[in-house]
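Enquirer: Below is the structure, and that's it, no one-letter string:
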């Protein structure tokens, strides 16, 4: 019986925009996450792994677009091209290469002073925004009529603006001052290119033309009469081009979908080829229906599992929205919590998080119903893209918590299947107002303390989803304990801080409190991380001689076995990260309270770790390169070291059709054999012989025949073997080859295709080839007088050779190996037909073929004989017939299945008149002087 089929895990990824925050006095110095009642999020934290995370990098207050790119696995430093394209694409505007786009706000401009009095004309612009966008869409610029302007409403007070036309650059600044009561900015080029400067001029005219249209629009006259802010300008920011990235499915192997009514996030998803699903009633603000979002993601992840295609074209899938074969990765974006942070609505953020927690419970129920069928397996992941503290009203550098677990572990954590299935699926709204004073169910300091009855995950003592608890998580356990910056300020104010250390080169601030203060502020539910792990999870605690302790968690499927080691009494109890531009206040407060403070460089361990990482990152990639370099430079691995001479069995009897070349080369044989008459006359052995001729004329065969006739060792090499990547290796191979040849003298070195290394110097930047050629010149001139080593080289491009190589004393003899005439072709055919059984007389076949193959060289004739033998073998014949020979000639001249081959009439004529050569193609230009185009002799 086979093993059960392994199910692929599908992931439900919930991203709560702006989830992170800082401690607030209104909530008893707790964060909104601590103040809220989040049973489902707490269950995920207790059932899985969790910690704190910096979405892009430590200390960076990132935007939603860069954070989402980073969380989805795309480095924003590499791929980010501005958020304008995301907003515009999400709003439904198509973008092509060369277009630029802006994320834009309808704002209020004081026309007299040029000051932006409100960057958001109205947060509730769902009815009026599309009207104004329609008035702007397709507008023309008076000075630049060649550009097309497209405007589309996005969400709340935002819209997408796309400019289409030539010579546009995305490297310009925007017109948005980013804060109220500041002057409207002018777009400026961010680089020194003509395109950027030109684009800035175009955008500035666009800004003026938009304002002109909006000022005269009846809708703004109506708003002014009603005492509302007029939307008389559009602030252009985040200029960008369309993102070019590998699709999410290709990068991660998971087929993705996304529920993101917020247009900028939807546009980002489109750029990553993530399918955008529709959820009825879901919006990009606090009036969204979270139940609808949870239901859409659950349905997308619960469809039957089938193979997904390798590519997906949005809009062409008949099953949209949602694929019938389901998704592997469902991304659910929730924006309302970020809005609460921007609006500084602390109570609404608490209430909103409680609503999000309720929606996560609904999502878990729907997924558990699917997993209970045995067809699926799910994991839950919850995190944020950045922190939006209500204290600041904007994004901050604070890290965000994350938690992930398997769905079945979540079910156990909340109390079992009955609890999960009992979750109501009825839709519910978020609070109707984001103003704290208007919320009837206020949250005060006396809020209910969360239940601590949840069983912690093995190796993790965290049972809550918030920033403080996440700092103690299995992936975020710090030494010392990390706390919000506000805790340090509060401790300084109440005098409990005893010592402070500011670490140079970083944001970290370490401090200690007196023991009495620490004990008085702790509760029985807030034990140290070491005690929680040891007592709640039953992990073994082993005492060491130095007072340190090591805590080992059990091995689980989500987290592999790991060990934590820390000193039992750390030097510093807490650390936090300072806020920019707050140093003056911090130092004055410490001086006022008489706190001992100092600064110190980063610890030696941190410096060593940084140095080690730098060294490894630099040298590890170089190890393979150094190994290859060693292999290349090693003399033991050089081909010249392994080269052995060959004793040739070929003689001049095997070479026909080049009688003139044979006569010239016979002298080389005589000199190598030490002929007396040459020595008496004082003739010296030629140092080099250059064989020049078209390809296939037998140059290599001639060189082998010389060695065979002389009975000397023969070294053969291709000139391209001397050309190497590393400068100097080619010259070294030349030296090694000649050293071996001298030891075997008398000997012959044959260099084929000499033009590969012997080309004229100074025509390229190839120093390696020039250095190799110089070494060859030196070796040929440096022979000792009694060393009988002859260099024979072959080339079909003598005009490309360096003059120094062809001068007397090097290649002093140049032998032309040309195309054979009729008699030469007969002799060559006779050599190749020696071992071929023929049906007719061999001499007649040689005469016939030679007369039909003007311009053919030895290689062509050898190929004809071989083709004829193959055709005979294909027919099953024991001999080669004349028809086989004629078919082989036609193949050689016209190729196989060529329409220009002779008609069947010529074959029939050949059968009727055996003494007449078969017809060949009329377009053949290779002819002897007295032969006609068909091989017949011309009579006059």
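Expert: Now that the structure is in, tell me what you want to look at. All values reported here derive from a predicted model rather than from experimental measurement. Residues are numbered from 1 along each chain as shown.

Enquirer: hmm, who's touching stretch 839-850?
Expert: Stretch 839-850 has contacts (C-beta atoms under 8 Å, 6 or more residues apart in numbering) with 822-823, 825-826, 829-830, 833, 838, 861, 864, 879-882, 885, 889, 917. C-beta here means a position set from N, CA and C on the backbone, and glycine is covered the same way.

Enquirer: So in the protein, which strand runs the longest?
Expert: Selection of the longest strand in the chain by residue count, based on DSSP state E, yields strand 100-110.

Enquirer: List the ones among the contacts of stretch 839-850 that fall in helices.
Expert: Using DSSP state H to define helices, the subset of the contacts of stretch 839-850 located there is 822-823, 825-826, 829-830, 861, 864, 882, 885, 889.

Enquirer: from those, which single one is nearest residue 52?
Expert: Nearest to residue 52 among those: residue 864, at 79.8 Å, using C-beta to C-beta.

Enquirer: Where does pLDDT dip in the stretch 551-700 of the chain?
Expert: Along the stretch 551-700 of the chain, segments meeting pLDDT under 70 span 551-571, 603-606, 632-648, 674-683.

Enquirer: how about the strands in it?
Expert: 563-566, 574-577, 596-600, 688-692 (DSSP state E, counting those that start in this stretch).

Enquirer: What average pLDDT does stretch 484-496 get?
Expert: Stretch 484-496 carries an average pLDDT of 90.

Enquirer: Sort out which residues of that stretch are buried, please.
Expert: Applying a neighbour-count criterion of 16 or more other C-beta atoms under 10 Å, the buried positions in stretch 484-496 are 484-492, 496.

Enquirer: residues in contact with that stretch?
Expert: Residues from elsewhere that reach stretch 484-496, judged by C-beta under 8 Å, 6+ apart: 22-23, 29, 31, 398, 467-468, 497, 509, 511, 513-514, 517-518, 574, 576-579, 586, 589-590, 593, 595.

Enquirer: need the helices for the stretch 201-350 of the chain, in chain order.
Expert: Applying DSSP state H, counting those that start in this stretch to the stretch 201-350 of the chain gives helices spanning 218-225, 248-252, 263-271, 290-301, 336-342, 346-371.

Enquirer: Could you chop the chain up by domain?
Expert: The domain map for the chain lists 9-63+251-476, 81-240, 478-620, 640-816, 822-912, with the assignment taken from automatic domain parsing.

Enquirer: how about JSON lines for those, with distance to residue 631 added?
Expert: Putting these into JSON lines (distance: least, C-beta to C-beta, whole Å) gives the following:
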{"stretch": "domain 9-63+251-476", "distance to residue 631": "34"}
{"stretch": "domain 81-240", "distance to residue 631": "42"}
{"stretch": "domain 478-620", "distance to residue 631": "18"}
{"stretch": "domain 640-816", "distance to residue 631": "11"}
{"stretch": "domain 822-912", "distance to residue 631": "36"}
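
Enquirer: right, so these: which one is the most enclosed?
Expert: Each of the domains of the chain was assessed for mean neighbour count using mean count of other C-beta atoms under 10 Å. The highest is domain 9-63+251-476, with a mean of 20.

Enquirer: and that one, how far from the chain's centre?
Expert: Between the mean C-alpha point of domain 9-63+251-476 and the mean C-alpha point of its chain there is a distance of 29 Å (C-alpha atoms, centre = their mean, to the nearest Å).

Enquirer: One more: stretch 617-628?
Expert: For stretch 617-628, the distance to the chain centre is 21 Å (C-alpha atoms, centre = their mean).

Enquirer: just stretch 885-901 next, same as before
Expert: Using C-alpha atoms, centre = their mean, we find the averaged C-alpha position of stretch 885-901 to lie 50 Å away from the chain's own average C-alpha position.

Enquirer: Going along the chain, name the strands of the stretch 151-300 of the chain.
Expert: Under DSSP E, counting those that start in this stretch, the stretch 151-300 of the chain gives strands at 158-164, 182-183, 233-240, 256-259, 275-276.

Enquirer: what helices or strands is the second one leaning on?
Expert: Put plainly, it is strand 182-183. With contacts defined as 3 or more C-beta pairs under 8 Å, 6 or more residues apart in numbering; DSSP states H and E, the secondary structure elements packing on strand 182-183 are strand 115-118.

Enquirer: Parallel or antiparallel, which strands does the strand it packs on pair with?
Expert: The sheet places strand 115-118 alongside strand 100-110 (antiparallel), strand 182-183 (antiparallel), with pairing taken from DSSP bridges.

Enquirer: any chance of those in JSON lines, plus mean pLDDT and distance to residue 265?
Expert: Listed next are these as JSON lines, based on pLDDT from 0 to 100; distance: least, C-beta to C-beta, whole Å:
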{"stretch": "strand 100-110", "mean pLDDT": "93", "distance to residue 265": "12"}
{"stretch": "strand 182-183", "mean pLDDT": "94", "distance to residue 265": "28"}
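
Enquirer: need those in CSV with distance to residue 57, can you?
Expert: CSV is the format used below for the strands paired with strand 115-118 (distance: least, C-beta to C-beta, whole Å):
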stretch, distance to residue 57
strand 100-110, 22
strand 182-183, 28
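
Enquirer: Just tell me which of these ends up closest to residue 259.
Expert: Proximity to residue 259 (C-beta to C-beta) singles out strand 100-110 among those, at 20.8 Å.

Enquirer: just how off-centre is the closest one within its chain?
Expert: For strand 100-110, the gap between its own C-alpha mean and the chain's C-alpha mean amounts to 34 Å (C-alpha atoms, centre = their mean).

Enquirer: what angle sits between that strand and strand 233-240?
Expert: Put simply, strand 100-110 runs at 150 degrees to strand 233-240, going by axes from the mean of the first three to the mean of the last three C-alpha atoms, to 10 degrees.

Enquirer: So which residue is smack in the middle of this structure?
Expert: residue 246 (7.1 Å; C-alpha atoms, centre = their mean).

Enquirer: Distance of that one relative to residue 343?
Expert: Between residue 246 and residue 343 the distance is 37 Å, computed by C-beta to C-beta, to the nearest Å.

Enquirer: Next: residue 832.
Expert: Following C-beta to C-beta, the distance that separates residue 832 from residue 343 is 94 Å.

Enquirer: Sketch out the helices for the stretch 551-700 of the chain, chain order is fine.
Expert: According to DSSP H, counting those that start in this stretch, the helices that the stretch 551-700 of the chain contains are 583-593, 604-619, 622-633, 639-642, 659-673, 676-680, 699-710.

Enquirer: Also the stretch 701-850 of the chain?
Expert: Using DSSP H, counting those that start in this stretch, helices in the stretch 701-850 of the chain cover 729-743, 755-758, 767-781, 803-806, 822-832, 842-852.

Enquirer: Could you pull up the mean pLDDT of the third one?
Expert: The average pLDDT within helix 767-781 is 79.

Enquirer: Just want the angle from that helix to strand 688-692.
Expert: Using the same axes, to 10 degrees, the direction of helix 767-781 lies 120 degrees away from that of strand 688-692.
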